[in-house]
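> pasting a predicted model and its sequence here:
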Amino acid sequence: MKNHELELFFLAAMEAAIHASADIMDVYQTDFSVQQKSDDSPLTLADQRADDTIRKFLFETGEYVLSEEQTPLPYAERKDLKYIWIVDPLDGTKEFIKKNGEFTVNIALIENGHPVMGVVTAPALNKIYWAVQGKGLFYAEVDNWEMDFQAIIQHSKKVEPKKNPIKIIGSRSHANTATQNYVNLLKAMHPTSEIITRGSSLKLCKVAMGDASFYPRFSPINEWDIAAGAALVEISGGHVLDAGTRRPVIFNKENLLQAPFIAVANGIDPGTMP
């Protein structure tokens, strides 16, 4: 992709994420209702409004948008697409319903299966993270989601690699036995490590920022839950590895249910994993 095309794609993703964050916060401050989808996962007006907003902006790029809230194209129709957007308009709906603030908007651009751009906002926490291949990882505090997106870009600070004590991060709402068993192995290899938990893609944001060292995930999760966060981690110099093959996770697969994976921060040797 040429630099000017990448810039246009980035601006579309930023504008989509910021407007969607404003939509979500409008609903968050009301007594919203909760529906159940066919897979028993929760759905709110915020999910739907954010999805509509994001797709409106991303459709202008001319590339296909794979969103959690829409039926995906058959694999035969999307497998050869060079570029694809993968979107979770409201990741962490359970956290949104609990009103603990740990939910995110996730937008990723995938090129031939690999994440080359990611934007993640945490609307209730007033945070935005973004990364573009060749430019690095950036972070900003947002005063309010009505701000002009260009101003937010200008106030973003590039994140430099940092070395912190070993921390293992896990899910607030989706822990399972397989993940815990792996965490126990990590603890055995890193006895002084600390365990922390977060909801939604904030776990991957923590790894990208260097505030967490390892994020193992062995419970069910979908590509749209991790694509944007994986972009942040990989562009920051870290790794998101398939737990079985130890190869980088590939996106836009036939089966959008993601196999177990381990995210590793920049500066952490993947060889220090069990």
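All right, it came through fine.

> how many other residues sit next to residue 146?
Residue 146: 11 surrounding residues under other CB atoms under 10 Å. C-betas here are computed from N, CA, C, even on glycine.

> which residues in the stretch 51-200 of the chain form strands?
Under the criterion DSSP state E, counting those that start in this stretch, the stretch 51-200 of the chain carries strands at the ranges 65-67, 83-91, 104-111, 114-122, 127-132, 136-141, 157-158, 167-171, 194-198.

> can you list those in TSV and add mean neighbour count, distance to residue 224 and mean pLDDT?
Below are the strands of the stretch 51-200 of the chain laid out as TSV (neighbours: other CB atoms under 10 Å; distance: least, CB to CB, whole Å; pLDDT from 0 to 100):
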stretch	mean neighbour count	distance to residue 224	mean pLDDT
strand 65-67	21	7	98
strand 83-91	27	4	97
strand 104-111	28	7	98
strand 114-122	26	12	98
strand 127-132	25	17	98
strand 136-141	19	20	97
strand 157-158	10	27	96
strand 167-171	21	16	92
strand 194-198	15	18	93
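
> among those strands, which comes closest to residue 35?
strand 83-91 (13.0 Å; CB to CB).

> that closest one pairs with which strands, and in what direction?
Sheet pairing for strand 83-91, assigned by DSSP bridges, gives strand 65-67 (parallel), strand 104-111 (antiparallel).

> now that strand - C-alpha only, PDB.
Extracted as PDB, the C-alpha positions of strand 83-91 are listed here (Å, rounded to 0.1, in the frame of the first residue of the first chain):
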ATOM      1  CA  TYR A  83      -7.000  -5.800   2.500                       C
ATOM      2  CA  ILE A  84      -9.800  -6.400   5.000                       C
ATOM      3  CA  TRP A  85     -11.000  -4.400   8.000                       C
ATOM      4  CA  ILE A  86     -11.800  -6.500  11.100                       C
ATOM      5  CA  VAL A  87     -13.900  -4.700  13.600                       C
ATOM      6  CA  ASP A  88     -15.400  -5.200  17.100                       C
ATOM      7  CA  PRO A  89     -17.600  -2.100  17.600                       C
ATOM      8  CA  LEU A  90     -17.900  -2.800  21.300                       C
ATOM      9  CA  ASP A  91     -15.500  -5.400  22.800                       C
END
